[in-house]
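Colleague: this one's sequence-less:
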């Protein structure tokens, strides 16, 4: 039951938040913990802690590392990486999301945070032949993808050898369909109806296979479980709904 950051489609590559311009009106909610994107604020400390600890173990931490945040939205995860000392490039095709990200960066970090936000597609970024990234993160994006193979092919090509690819998404199970669609959208209205399409949910086995085809070996996979009692997320062994993990480029 996770709010999305930004989908990737055949027609627009990294498209605006939740699949279209209609969701640009979330701009004022990006940095409001009690707003319509509050689930992102609940999940972000958990997912970033997992990412940061993994980076510390594998590449000595995030200080000075080049990070690409795919579908950065309003910059919640980008700022977490930058605060840890990373040099972050965040791309998204939602003008309002990028404006929200830039506005918050100016208020809270200014020049102290090394973040470059771009209103740009992944395909256009790839054409620039940039220096490869130490870390790529694609969080709450994969479950909105029309062409998952294309996204992974394009993004993995931008990851340096030994680099880490972080991800989090929704499993393709009946349980996930019940909680992420029926409960979150239809029953409680935690998310706008139509946010998720079960057909686009991704089984871990599918993701592992696609990463392997792009020379990235998935090394870690955990559940990201939601508690309706405490209204919070935690890392767990249950991957049946939300899951989080990482791969390493060979």
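Modeller: Here it is on my side, so go on. On a predicted model such as this, the values are computed, not experimentally measured, just so you know. Residues are numbered from 1 along each chain as shown.

Colleague: shaky segments in the protein?
Modeller: For the chain, applying pLDDT under 70 flags the ranges 1-28, 109-110, 177-196, 198, 228-231.

Colleague: now the helices: where do they sit in it?
Modeller: Under the criterion DSSP state H, helices of the chain are mapped to 38-59, 76-83, 95-108, 122-127, 148-156, 174-176, 204-213.

Colleague: between the ones you listed, which one is nearest to residue 241?
Modeller: helix 174-176 (4.6 Å; CB to CB). For every residue, glycine as well, the C-beta is placed using N, CA and C.

Colleague: packing partners of that closest one?
Modeller: Judged by 3 or more CB pairs under 8 Å, 6 or more residues apart in numbering; DSSP states H and E, helix 174-176 is in contact with no other helix or strand.

Colleague: mind checking how far that helix is from the chain centre?
Modeller: 21 Å (CA atoms, centre = their mean, to the nearest Å).

Colleague: enumerate every residue touching the most centrally placed residue in the chain.
Modeller: Geometric centre of the chain, nearest residue: residue 139, 1.7 Å, by CA atoms, centre = their mean. Contact partners of residue 139, counting by CB atoms under 8 Å, 6 or more residues apart in numbering, are 5, 47, 69, 71, 77, 166, 167, 168.

Colleague: how about a cut-off of 10 Å?
Modeller: Residue 139 is in contact with 2, 4-6, 40, 43-44, 47-48, 51, 69-73, 76-77, 166-169, 244, counting by CB atoms under 10 Å, 6 or more residues apart in numbering.

Colleague: how about residue 52?
Modeller: Residue 52 neighbours (CB under 10 Å, 6+ apart): 61, 62, 80, 81, 83, 84, 86.

Colleague: what's the distance between it and residue 234?
Modeller: 16 Å (CB to CB, to the nearest Å).

Colleague: just residue 83 next, same as before
Modeller: According to CB to CB, residue 83 stands 22 Å off from residue 234.

Colleague: who has more neighbours out of those two?
Modeller: Each of residue 83 and residue 234 has its neighbours counted (other CB atoms under 10 Å); residue 83 has more, 17 against 13.

Colleague: what's the neighbour count on the nearest residue to the more buried one once chain neighbours are set aside?
Modeller: Spatial nearest neighbour of residue 83, excluding adjacent residues (CB to CB, 6 or more residues apart in numbering): residue 113 at 6.8 Å. For residue 113, the neighbour count with other CB under 10 Å is 20.

Colleague: mind listing what residue 113 touches?
Modeller: Neighbouring residues of residue 113 by CB under 10 Å, 6+ apart: 75, 78-79, 81-83, 85-88, 104-106.

Colleague: how about a cut-off of 7 Å?
Modeller: Residue 113 makes contact with 79, 82, 83, 105 under the criterion CB atoms under 7 Å, 6 or more residues apart in numbering.

Colleague: ditto for residue 223
Modeller: Here residue 223 is in contact with 236, 237, 238, 239, 242, 243 (CB under 7 Å, 6+ apart).

Colleague: ok, now how distant is the third one from residue 53?
Modeller: Spelled out, it's residue 238. 20 Å.
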